[in-house]
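A.B. asks: Pasting a predicted model and its sequence here:
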Amino acid sequence: MFIGVIRGLKQAILLGLFCSALACSDAVEQEEVGNGGTEEPEPPELTGPIQWDPQPQMVQIASTVGCDSWTPTWAPDGNLYTAFGDCRPEGVPEKIGMGFGRISGAEAYGVSFSVVPTGDPHVWDDAALGAGVEAVGDDSASHKPAGMLHVDGRLWYWIRNITPSGTGVRLKFSDTYGSAVPAFSWVEWSLTEVGYASFVQYGQGYAGGPPDYVYAVVPMSTSVTGSVSNSAYELVPGFSLIRGLRSDLTLQSNWQYFCGSESSPAWCPSASAATPILFQPDSRFTPRAGMSWNPGINRFMLSLVYDPTPATPNEGTRFHGGLMVLVSPQPWGPWQAVFSSGSLTWPGGVGTTGCGSTDWGSGERADIPTKYLSADGRTFYLFSSGGDCLSIARGVLP
């Protein structure tokens, strides 16, 4: 199980001909990723599997009962900022499908969560037309969160369910994210062919990130070129990347799709040219990936939630989901699995009383926030919506 996902040499050989027809950019230079363009040592050998704390030692935050769609990013003020959805946390007068909040605390197992009202603080459904990022409605009837990133003094928020049919993503951004009532503005375009976009995380305020680009993971429905999934709900076997030019993320022309291979990365302007960075035909992942750069091990960590029993009806990964974690020196692979729960629910068992004593699965999405990485990168914390709460688990790589 613990092997990298390898594509054939033939794909790399044909890439040059394919890209010339689709106006792909040149292959990406090594310094664009990893530790901000500096020379990096050889990555240490990793064997896995990750050793997780026993489930009774894991933490659920009772004030977040019923909430999912966490998207943590580490801001310069020391806090994690995040979306949340489908709940009514303290201070919110009604259940909302999307909101904005702050996760605070020096230790991952001791964090607290607080809602941050945005736009008009008296209106909890002003994402579409106002300066806020709150929305009311279940499932595709409401705008919902996808990804969040702090970079260059600005907070960026991928919002999904843009079209009436519940597809597409669009960016909103704020220069006042740390204020009592932040204001957000829409960019003038959306990506209707993308159902979910999750920013790749680096250090505090994007420290250690590439000097020119930001990246986001997007789902793919098949291994066929161009098969980007426009749904945030349909399970998928693979993922690709998009990247945006840091100098101006508001311009659609500054965004590109990964259209290369792990040995020959390349970028194209159209989703029709997108190729997978990971494809596992027998897996059924939620389309909501989490990826973080871990400088201690000189690798990206990709956290994926999946249906562990795809032959049976999907019972919901928040309560019955499996977990897979993979690592790679580049965000496009090759990927080495360092943990998989196989056909089992992870972590399994029953959640805490404060979070409703529900079955405890892996969530609809999982992330490894860079704030809580150890210096050597081998101890970290996974944040998820497992058990329909903000759930936190410590992991250690041997």
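C.D. replies: Arrived safely.
A.B. asks: Poorly predicted segments of the protein, please.
C.D. replies: 1-43 (pLDDT under 70).
A.B. asks: At the geometric centre of it, which residue sits there?
C.D. replies: Taking Cα atoms, centre = their mean, the centroid of the chain lies closest to Gly290, which sits 3.1 Å from it.
A.B. asks: which of the residues in stretch 288-297 are buried?
C.D. replies: Residues of stretch 288-297 classed as buried by neighbour count (16 or more other Cβ atoms under 10 Å): Arg288, Ala289, Gly290, Met291, Ser292, Trp293, Asn294, Pro295, Ile297. C-beta coordinates here come from the backbone N, C-alpha and C atoms, glycine included.
A.B. asks: Can you verify my assumption that the second one contacts Ala216?
C.D. replies: No. With contact defined as Cβ atoms under 8 Å, Ala289 does not reach Ala216; the gap is 9.4 Å.
A.B. asks: Same list, the buried residues of stretch 288-297, but as a markdown table with secondary structure and distance to Thr71 please.
C.D. replies: Output for the buried residues of stretch 288-297, formatted as a markdown table (DSSP: H, G, I helix; E, B strand; the rest coil; distance: Cβ to Cβ, whole Å):
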| residue | secondary structure | distance to Thr71 |
| --- | --- | --- |
| Arg288 | coil | 9 |
| Ala289 | coil | 11 |
| Gly290 | strand | 9 |
| Met291 | strand | 12 |
| Ser292 | strand | 12 |
| Trp293 | strand | 16 |
| Asn294 | strand | 18 |
| Pro295 | coil | 21 |
| Ile297 | coil | 23 |
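A.B. asks: Ile159: which of those residues is nearest?
C.D. replies: Arg288 (13.5 Å; Cβ to Cβ).
A.B. asks: Report how many residues lie close to the spatially closest residue to the closest one that is not a sequence neighbour.
C.D. replies: Of all residues not flanking Arg288 in the chain, Arg365 sits nearest, at 3.8 Å (Cβ to Cβ, 6 or more residues apart in numbering). For Arg365, the number of neighbouring residues by other Cβ atoms under 10 Å comes to 29.
A.B. asks: now do Lys371
C.D. replies: Lys371: 21 surrounding residues under other Cβ under 10 Å.
A.B. asks: do you know how far Pro287 is from Asp212?
C.D. replies: 27 Å (Cβ to Cβ, to the nearest Å).
A.B. asks: Quick check on these two: which one has the bigger neighbour count.
C.D. replies: Pro287 (29 against 15).
A.B. asks: Could you look up the SS state of that one?
C.D. replies: With DSSP: H, G, I helix; E, B strand; the rest coil as the basis, the three-state label of Pro287 is coil.
A.B. asks: My read is that it contacts Val236, right?
C.D. replies: Yes. Assessed by Cβ under 8 Å, Pro287 is found in contact with Val236 at 5.1 Å.
A.B. asks: what residues are shared contacts of the two?
C.D. replies: Pro219, Ser229 (Cβ atoms under 8 Å, 6 or more residues apart in numbering).
A.B. asks: quick one: the strands in the stretch 251-398 of the chain?
C.D. replies: For the stretch 251-398 of the chain, the strands defined by DSSP state E, counting those that start in this stretch cover 255-258, 267-268, 278-279, 290-294, 299-306, 322-328, 336-340, 366-367, 379-384, 390-396.
A.B. asks: Between the ones you listed, which one is closest to Asn314.
C.D. replies: strand 299-306 (10.0 Å).
A.B. asks: Would you mind getting the angle between the closest one and strand 322-328?
C.D. replies: 160 degrees (axes from the mean of the first three to the mean of the last three Cα atoms, to 10 degrees).
A.B. asks: Counting by contacts, list what strand 299-306 packs against.
C.D. replies: strand 290-294, strand 322-328, strand 366-367, strand 379-384 (3 or more Cβ pairs under 8 Å, 6 or more residues apart in numbering; DSSP states H and E).
A.B. asks: now do 10 Å
C.D. replies: Here strand 299-306 is seen to pack against strand 213-220, strand 290-294, helix 317-320, strand 322-328, strand 336-340, strand 366-367, strand 379-384 when contacts are counted using 3 or more Cβ pairs under 10 Å, 6 or more residues apart in numbering; DSSP states H and E.
A.B. asks: if we compare the ones you listed, which one ends up closest to Tyr257?
C.D. replies: Per Cβ to Cβ, nearest to Tyr257 of these: strand 213-220, 8.0 Å.
A.B. asks: What's the end-to-end length of stretch 290-298?
C.D. replies: End-to-end distance for stretch 290-298, by Cα to Cα, to the nearest Å: 17 Å.
A.B. asks: Likewise for stretch 62-82?
C.D. replies: Termini of stretch 62-82 sit 17 Å apart (Cα to Cα).
A.B. asks: Show me how far it is from its chain's centre.
C.D. replies: 13 Å (Cα atoms, centre = their mean, to the nearest Å).
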